[in-house]
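In: A predicted structure for the sequence below; I have some questions about it.
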Amino acid sequence: MTQPDAQNTDTQTRRIHIFDTTLRDGEQSPGVALNHNQKIEIAHALARLNVDIIEAGFPITSDGDFECVSRIAREVRGPTICALARTARADIERAAQALEAADKSRIHVFTSASAVQIQYMLRKTPEQVIESSVKAVQLARQFTDDVEFSGQDVMRADFDFVIQLYRAAIEAGATVINIPDTVGYGTPGEYGALIARVRDEIVMGRAVEISTHCHDDLGMATANSLAAVENGAAQIECTLNGIGERAGNTALEEVVMAIHTRRDHYRAETGIRTRELNRVSKLVSRLTGMPVPPNKAVVGDNAFAHESGIHQDGVLKHKETYEIMNAELVGREAAVMVMGKHSGRAAFRKALSDLGYDTDGHSDRGFNDEALNALFVRFKELADRKGQIYADDLHALVGSSVEASETFKLERFQIAMGTDMQPLAYIRLQTPDGVREATATGDGSVEAIFHAINNATGIAPALEVYRVQAVTKGAEALGEVSVNARYGEMSVSGNDVASDVVEASARAWLRVINHIVAGQTKEKSAVTAETP
Ligand SMILES: CC(=O)SCCNC(=O)CCNC(=O)[C@H](O)C(C)(C)COP(=O)(O)OP(=O)(O)OC[C@H]1O[C@@H](n2cnc3c(N)ncnc32)[C@H](O)[C@@H]1OP(=O)(O)O
Ligand SMILES: CC(C)C(=O)C(=O)O
């Protein structure tokens, strides 16, 4: 049998059951409606993830839901298959019918525990709620030995009534008692204390499992579920990516990795094959159309990414400086370095080296410290304007840095243009003999800047080919400009990249001019050398 990836071998640990309700409460996310094939695909993925229970649906809802639960019960092996039912006879009978083909089945009967729901929604008295719950659990037990009972909205209920209700459910035959904080109202302290009270006053060592079911309305679902574990809960109800009604349910990946990462604290384990987490998360996100926020714990794109120089330097030296769990353990790529304006030299050097560049200056075309520093300055300028820097950006940056000596260096430029004026360009260049400035007009902004450069350098090549293309993706993409020009007998080309095409054009044109100057210097020295 395949072992869970994050299994704990400590004999003192308790086994926490993972009850996945992605297909039932998760599908109650506004805007989400999964078809049968999608549900079956998710159910198989949940079985591979090794969840203990799959809540496959609420069969009374529709013939479609009934058929889907039946199919999952027929096809999916491994986890217990569970179906939801109100306390109504028809719901329970329909759930039982849908589960007929399952290897292991559970009926989950629910009622309401809070006064506000009992009075206004069910329009019953508390006594009637207890009575219908007892009958419902007894009926469900006629179909299966595994019956779960829930009283919605316990955290806004009278706790004495909660105890009374659950005691009656256990006496009627409930084997799992689920304590739902349906509207995400409880705090970890309060919820943990209620679970402890249920454990001490009514479970009292009986073979009845306490379960937690939390919603994230105040962002406390994971904390509340874990508080329940600390106080005796042995089952956590949760969904992949935390999807579900309103703000969602407890996120499966969060509780599983919290229990594993802090096993010193919880002294517990789950059976989840954690290496499947990322894959299943992506599947659920794709099929439900609910994107995972980049900063989402465990499965978000940024969960194992480092952007700031100090963190990157730390992680490169020793991963644990900024990582509390292994990315590989949840099926992710190890420590991703995101290159941007907060990155430092250590990460920049590593990124170039990962792309195959010699950053130790061993080869002819390698970067020594000085060259690397110069490139790093350009990288920072680019990152300031562009934000994130991708591999293609780095290639382009390196490509544009491989250059002959620069006689003219761009210091700054400005363009004034509008619908009713001819573009006017101003350029300021650095040269070994000092600064040169010039202005010029042109038919377009690029032509104006070329003319200004010509005026400043005193060299005016004839443009033959001008090409521009996006190197990377997005509105901030780098543009690569290539120019071919003729100067007397010389045919010269130049190219450059920048997130602004006018700047890339100016830099490419300056390369052309620097090549021309370098060529003239070579010719002159050749003439001088030949002169006796
Ligand atoms: C916290 C949760 O997530 S609970 C699960 C919520 N999920 C869903 O509701 C999704 C599926 N639901 C549905 O398809 C429909 O609501 C159905 C098929 C269940 C019921 O549809 P309808 O018969 O049209 O009733 P409707 O949805 O308008 O109202 C719900 C009824 O269930 C009753 N009810 C609610 N909870 C329970 C309960 N636990 N036990 C018994 N009856 C209940 C309500 O009092 C109301 O009864 P009423 O019509 O006599 O006033
Ligand atoms: C059916 C119950 C457990 C539920 O979904 C809730 O209370 O949120």
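Out: Here it is on my side, so go on. Ligands and ions are numbered 1, 2, ... in the order given.

In: Name all residues that make contact with the closest residue to ligand 1 within the stretch 1-150 of the chain.
Out: The stretch 1-150 of the chain approaches ligand 1 most closely through Arg86 (3.2 Å), counting by CB to the nearest ligand atom. The way it works is simple: take the backbone N, C-alpha and C, and place the C-beta from them, glycine included. Taking CB atoms under 8 Å, 6 or more residues apart in numbering, we find Arg86 in contact with Ile60, Val109, Phe110, Thr111, Ala136.

In: Distance of it relative to Val256?
Out: 30 Å (CB to CB, to the nearest Å).

In: Next: Ala351.
Out: 32 Å.

In: Please say which of the two ends up with more neighbours.
Out: Using other CB atoms under 10 Å, the more surrounded residue of Ala351 and Val256 is Val256, with 27 against 21.

In: Give me the phi and psi for the more buried one.
Out: The phi/psi pair for Val256 (degrees, to the nearest 10) reads phi -60, psi -50.

In: With adjacent residues omitted, what lies nearest to Gly151?
Out: Ala113 (3.3 Å; CB to CB, 6 or more residues apart in numbering).

In: what stretches of the protein score poorly on pLDDT?
Out: 1-11, 363-366, 399-405, 471-476, 518-532 (pLDDT under 70).

In: how does it divide into domains?
Out: 14-288, 305-401, 409-530 (automatic domain parsing).

In: gap between the two ends of the first one?
Out: I take that to be domain 14-288. 33 Å (CA to CA, to the nearest Å).

In: That one and ligand 2 in contact?
Out: Yes - interface with ligand 2: domain 14-288 contributes Asp25, Phe110, Ser150, Gln152, Asn178, Pro180, Thr182, His213, His215 (CB under 6 Å from any ligand atom).

In: could you point out which element follows the helix or strand where the second one lies?
Out: Using DSSP states H and E, Phe110 sits within strand 105-112. Towards the C-terminus, the helix or strand next in line after strand 105-112, according to DSSP H and E, is helix 115-116.

In: how far out from the middle of the chain is that next one?
Out: 38 Å (CA atoms, centre = their mean, to the nearest Å).

In: now do stretch 161-180
Out: With CA atoms, centre = their mean, you get 38 Å for stretch 161-180.

In: Can you report how many residues lie near the nearest residue in space to Ala383 that is not next to it in sequence?
Out: Leaving aside its sequence neighbours, Ala383 sits nearest to Lys341 (CB to CB, 6+ apart; 3.9 Å). A total of 18 residues lie near Lys341 under the criterion other CB under 10 Å.

In: Assign Lys341 to helix, strand or coil.
Out: coil (DSSP: H, G, I helix; E, B strand; the rest coil).

In: and the gap between it and Glu411?
Out: Counting by CB to CB - Lys341 and Glu411 are separated by 21 Å.

In: Repeat that for Cys214.
Out: For Cys214, the distance to Glu411 - CB to CB - is 59 Å.

In: if we can go back for a sec, okay if I get the contacts of Arg86 as JSON lines plus neighbour count?
Out: Listed next are the contacts of Arg86 as JSON lines, based on neighbours: other CB atoms under 10 Å:
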{"residue": "Ile60", "neighbour count": "19"}
{"residue": "Val109", "neighbour count": "29"}
{"residue": "Phe110", "neighbour count": "22"}
{"residue": "Thr111", "neighbour count": "23"}
{"residue": "Ala136", "neighbour count": "26"}
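
In: so which of the residues you listed also contact ligand 1?
Out: Answer for the contacts of Arg86 near ligand 1 (CB under 6 Å from any ligand atom): Ile60, Phe110, Thr111.

In: From those, pick the one nearest Phe304.
Out: Phe110 (37.7 Å; CB to CB).

In: Could I get the contacting residues of the closest one?
Out: Residues near Phe110 by CB under 8 Å, 6+ apart: Leu84, Ala85, Arg86, Thr87, Phe149, Ser150, Gly151, Gln152, Asn178, Pro180.

In: Can you tell me which of those residues has the most neighbours?
Out: Phe149 leads these on contacts (other CB under 10 Å) with 29 neighbours.

In: pretty sure that one contacts Ile107?
Out: No - between Phe149 and Ile107 there is no contact under CB atoms under 8 Å: 9.6 Å.

In: what does the stretch 51-200 of the chain put close to ligand 1?
Out: Residues of the stretch 51-200 of the chain lying near ligand 1 (CB under 6 Å from any ligand atom): Phe58, Ile60, Thr61, Arg86, Thr87, Ala88, Phe110, Thr111, Met121, Leu122, Gln152, Thr182.

In: now what about stretch 450-468, what contacts it?
Out: Here stretch 450-468 makes contact (CB under 8 Å, 6+ apart) with 408, 413, 425-429, 436-442, 446, 479-487, 491-492, 501, 504-506, 509-510, 512-513, 516-517.

In: Emit the PyMOL select command for whichever of these are buried.
Out: Per 16 or more other CB atoms under 10 Å, the buried members of those correspond to this PyMOL selection:
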select buried, resi 408+413+425+426+427+429+436+438+440+442+446+479+480+481+482+483+484+485+487+492+501+504+505+506+509+510+512+513+516+517
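
In: Strands - which of the contacts of stretch 450-468 land there?
Out: The strands, defined by DSSP state E, take in 413, 425-429, 436-441, 479-487, 491-492 from the contacts of stretch 450-468.

In: for the stretch 301-450 of the chain, what spans make up the helices?
Out: Taking DSSP state H, counting those that start in this stretch to define them, one finds helices in the stretch 301-450 of the chain at 309-317, 345-354, 369-386, 391-401, 445-457.

In: Can you say which of the domains of the chain is packed in most?
Out: domain 14-288 (a mean of 21; mean count of other CB atoms under 10 Å).

In: Just give me the residue right at the centre of the chain.
Out: Nearest residue to the geometric centre of the chain (CA atoms, centre = their mean): Gly300, 1.7 Å.

In: what's around the nearest residue to that residue once chain neighbours are set aside, how many residues?
Out: Distances taken as CB to CB, 6+ apart put Pro294 closest to Gly300, at 5.0 Å, once the chain neighbours are dropped. By other CB under 10 Å, 10 other residues sit near Pro294.

In: Surely Pro294 and Asn302 touch.
Out: Yes - Pro294 is within contact range of Asn302, at 4.6 Å (criterion: CB under 8 Å).

In: List the strands paired with the one helix or strand Val465 maps to, with their directions.
Out: Applying DSSP H and E as the criterion places Val465 in strand 462-470. Sheet pairing for strand 462-470, assigned by DSSP bridges, gives strand 479-487 (antiparallel).

In: Please export the alpha-carbon coordinates of the strand it pairs with; CSV is fine.
Out: Output of strand 479-487 as CSV, limited to C-alpha atoms (Å, rounded to 0.1, in the frame of the first residue of the first chain):
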residue,chain,number,x,y,z
GLY,A,479,10.6,45.5,-26.5
GLU,A,480,13.6,44.6,-28.6
VAL,A,481,14.6,47.0,-31.3
SER,A,482,16.9,46.1,-34.1
VAL,A,483,18.3,48.6,-36.6
ASN,A,484,20.4,48.3,-39.8
ALA,A,485,22.1,51.4,-41.0
ARG,A,486,24.6,52.5,-43.7
TYR,A,487,27.4,54.9,-43.1
